[in-house]
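Asker: I would like the atomic coordinates for the input below:
(2 chains)
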Amino acid sequence: MKFAIQVNEGPYQHQASDTAFQFAKAAIENGHEIMRVFFYHDGVNNASSFTLPPQDDRHVVNNWASLNIKDADGEPELVVCVAAALRRGMLDESEANKNSIVGNNLHPAFRISGLGQLIEAGIQSDRLVVFGD
Amino acid sequence: MLHTVNKSSFERNSLQSCLNIIDDTSVILFIEDGVINAANNSKSSMIADLAAAGRVFALQGDVEARGISSKLADNIKLVDYAGFVDLVVEHGTAVSWV
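Answerer: Okay, the predicted model is just below:
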């Protein structure tokens, strides 16, 4: 079955992103497809490549990356809402350049896109599961 | 339909909101702090009938993390994350009460 997941909370502040990750991992292990994970609101913080948890703690960002969720062309399907990302200082190289900001912090396993990607995921998947606070 | 509830009813009234609209075929899964609703000393009378009908589940890891494994109300079914996935597959639309 084809799943889509929406994550509304950031890592290390609420259990939602951990639950969403464990759900996605279990779905993949049981032969299902995660066609997209959409990170909305504070959920965009799950995509920060600057995340450095202590060594004995889980690495939420790398956990998401390890799921290797991509489309048929190899493009990341861990999708970060552009408006939510920019207002929280979550930038890929293109957005940083466009806004004359030095540095960028979007992990390469993720991509920035618009809210239409959430609607599309809701239409194209068999199930959309929302994790939030 | 699958309804997930992730808050204790001591904190928010999302479980009550869920119970107000739930239909005869839907099931409830308690996750995160929602598993507090599965303890036998909470407002579990609200869900006792649903549990007796086999329609109330709780995520095992979250139950254990909160130390209420020995305090569960009757007829609550425990599932792991794979069981969570199965519930979503079996019950169609998943509604997240937050």
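Asker: how about the residues of chain A near chain B?
Answerer: Taking C-beta under 8 Å from any C-beta of the partner chain as the contact definition, chain A meets chain B at A:1, A:3, A:15-16, A:19, A:22-23, A:25-27, A:29-30, A:32, A:127-133. No exception for glycine: its C-beta is placed from N, CA and C like everyone else's.
Asker: My guess is A:Ala27 contacts A:Ile34. True?
Answerer: Yes - counting by C-beta atoms under 8 Å, A:Ala27 sits close enough to A:Ile34 to count as a contact (6.0 Å).
Asker: which of those two has more neighbours?
Answerer: Each of A:Ala27 and A:Ile34 has its neighbours counted (other C-beta atoms under 10 Å in any protein chain shown); A:Ala27 has more, 26 against 22.
Asker: who's in contact with the more buried one?
Answerer: A:Ala27 is in contact with A:3, A:34, B:85, counting by C-beta atoms under 8 Å, 6 or more residues apart in numbering or on different chains.
Asker: In a markdown table: those residues, plus secondary structure, distance to B:Gly54 and pLDDT.
Answerer: Putting the contacts of A:Ala27 into a markdown table (DSSP: H, G, I helix; E, B strand; the rest coil; distance: C-beta to C-beta, whole Å; pLDDT from 0 to 100) gives the following:
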| residue | secondary structure | distance to B:Gly54 | pLDDT |
| --- | --- | --- | --- |
| A:Phe3 | strand | 25 | 98 |
| A:Ile34 | strand | 29 | 98 |
| B:Val85 | helix | 19 | 98 |
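Asker: Can you give me the pLDDT of the residue nearest to A:Leu91 when sequence neighbours are not counted?
Answerer: Excluding its sequence neighbours, the residue lying closest to A:Leu91 (C-beta to C-beta, 6 or more residues apart in numbering or on different chains) is A:Asn104, at 4.7 Å. Residue-level confidence at A:Asn104 comes out at 98, pLDDT.
Asker: Tally up the residues packed near A:Asn104, please.
Answerer: 15.
Asker: re earlier: if you look at the residues of chain A next to chain B, which of them are in strands?
Answerer: Those of these mapping onto strands are A:3, A:127-131, per DSSP state E.
Asker: State the pair within those residues that is farthest apart.
Answerer: Taking C-beta to C-beta, the two most distant members of those are A:Arg127 and A:Phe131; they sit 13.0 Å apart.
Asker: which of those two has more neighbours?
Answerer: For A:Arg127 versus A:Phe131, neighbours defined as other C-beta under 10 Å are more numerous around A:Phe131 (27 against 20).
Asker: Quick one: work out the angle between the longest helix seen in chain A and strand A:127-131.
Answerer: Across chain A, the longest stretch assigned as helix under DSSP state H is helix A:16-29. Orientation of helix A:16-29 against strand A:127-131 (axes from the mean of the first three to the mean of the last three C-alpha atoms, to 10 degrees) gives an angle of 150 degrees.
Asker: Look up how far chain B lies from the spatially most distant residue from the centre of chain A.
Answerer: What lies farthest from the middle of chain A is A:Ser100; by C-alpha atoms, centre = their mean that is 24.5 Å. According to C-beta to the nearest C-beta, to the nearest Å, A:Ser100 stands 38 Å off from chain B.
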